[in-house]
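Enquirer: Just a sequence and a predicted model for now, questions to come.
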Amino acid sequence: MIRTAVVFLAAGAALSACAPEQQVSGRALYGDYCAACHGADGKGDGPAGEGLGKAPADLTTIAARNGGTFPKVKVMSVIDGYTRRGDRSSVMPELGVALQEGPLVMVETGEGVLTPTPVNLVALADYLERLQE
């Protein structure tokens with residue numbers, strides 16, 4: 001078990017070393033993939049959201065809806081589409097494929113577990129965290 005942890009940590013250090021020299025812009029990614037439906041300010045009032053059967057979520061209240069804590073891992077899972085696979089009622093596209101371009105960074109996904117995650121997905125989630133009211 002210790003050997004596995006050492007290998008995993010070494011792999012994590014190697015992935016972290018691959019971090020891009022230029023900062024990925026979560027704001028730009030939001031503009032590209034989210035603003036049309038969720039609106040420029042994340043309030044759920046984007047022009048493309050009007051024709052949907054279900055109104056886009058207000059992304060500025062994610063933390064408030066979660067007891068005041070921003071659930072970053074859950075948010076990334078929703079964006080990626082992982083937790084929505086098979087949900088025919090969801091109108092939000094799965095962005096996992098679109099956001100996987102670029103390097104991986106290590107993200108703690110709970111109880112000290114580090115998971116290699118696309119840097120673009122992390123940047124977008126970080127931007128959404130900054131939008132919280």
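Expert: Okay, I see it.
Enquirer: which residue ranges form the strands in this protein?
Expert: 104-110, 113-118 (DSSP state E).
Enquirer: how close does residue 36 sit to residue 93?
Expert: Distance, residue 36 to residue 93, by C-beta to C-beta, to the nearest Å: 11 Å. In this view, the C-beta of every residue, glycine as well, is placed from N, C-alpha and C.
Enquirer: can you check residue 28 too?
Expert: When residue 28 is compared with residue 93 (using C-beta to C-beta), they lie 18 Å apart.
Enquirer: Next: residue 133.
Expert: Here residue 133 is placed at a distance of 25 Å from residue 93 (C-beta to C-beta).
Enquirer: Skip the chain neighbours and tell me the closest residue to residue 73.
Expert: Spatial nearest neighbour of residue 73, excluding adjacent residues (C-beta to C-beta, 6 or more residues apart in numbering): residue 109 at 5.1 Å.
Enquirer: next one: residue 57
Expert: Nearest to residue 57 is residue 44, by C-beta to C-beta, 6+ apart, at 5.6 Å.
Enquirer: burial measure for the one you found, as a count.
Expert: Close neighbours of residue 44, defined as other C-beta atoms under 10 Å, add up to 16.
Enquirer: show me what contacts it?
Expert: By C-beta atoms under 8 Å, 6 or more residues apart in numbering, the contact list for residue 44 reads 37-38, 55-59.
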